[in-house]
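1. Predicted model and sequence below, questions to follow.
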Amino acid sequence: MSNTNPQNAQEQWTEMVEQMNDAVAESVQQNMKAQAAFVESWADAVDDSIPEEDVLAEGFEGYNRAYEVWMDAAERMFERTTDAAQGEDVDPSEFRDIWLQSANEAFKEVMGTSAFAAANGQLVERMMDMRQQADDVSQETIAQLGFPTRDDMDEVAERLVEMERRQHAVEQKLDRVLDALEEQ
């Protein structure tokens, strides 16, 4: 029997559609997980200090607009998939372009809010605190190992600059004394 009989063709078509459905479902699921992770990280960033009500409302509005962008992209993807299933010649790059454009628009919607800016500010502040703590630990470790620390090197540099300043002052005084002796 040949693989081209109508029963086999229908089974192959059904299998292909199931695979496409599974891929789309997995993609939507991953998208929702990514959005949930983003919201969770955003919530963690603002956990210590709840923003003002208007800032919080603006943040949720931005997230809602981003969600609408994603839903519009999913609808356009479904339409183009349907077009392809009906035999229309659909360039695969259209799918990529839809998601890339949607991602850019969605991120603009969220990143343009003052809530996002506040959360980023807090995140940067925490990162700077962590960096300072790491620097402190590394300086303590270096000192315990008997090596000069950054503070030690800074002190040596300051002393060296002070010695150069004093040397320059002594040289100027010596030049004046030598000039006075030559004039006599």
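-> Cool, the structure landed.

2. Helix, strand or coil: sort out Phe147 for me.
-> Under DSSP: H, G, I helix; E, B strand; the rest coil, Phe147 falls in the coil class.

3. got a pLDDT number for it?
-> We have a pLDDT of 89 for Phe147.

4. where does the chain have low pLDDT?
-> Scanning the chain for pLDDT under 70 picks out 1-4, 6, 24-25, 27-28, 31, 34-35, 38-39, 41-51, 55-56.

5. Point me to the helix or strand that includes the residue nearest the centre of the chain.
-> Central residue of the chain (CA atoms, centre = their mean): Asn120, 9.5 Å from the mean position. Assigned by DSSP states H and E, Asn120 falls within helix 114-144.

6. Skip ahead from that helix and say which helix or strand is next.
-> Sequence-wise, the next helix or strand downstream of helix 114-144 (DSSP H and E) is helix 150-183.

7. what helices or strands is that following helix leaning on?
-> With contacts taken as 3 or more CB pairs under 8 Å, 6 or more residues apart in numbering; DSSP states H and E, helix 150-183 sits against helix 114-144. C-betas here are computed from N, CA, C, even on glycine.

8. Identify each buried residue in the helix it packs on, please.
-> For helix 114-144, the neighbour count (16 or more other CB atoms under 10 Å) marks 115-116, 118-119, 122 as buried.

9. For that helix, name the packing helices and strands.
-> Using 3+ CB pairs under 8 Å, 6+ apart: helix 114-144 touches helix 6-45, helix 53-85, helix 150-183.

10. Check the offset of that helix from the chain's centre.
-> 16 Å (CA atoms, centre = their mean, to the nearest Å).
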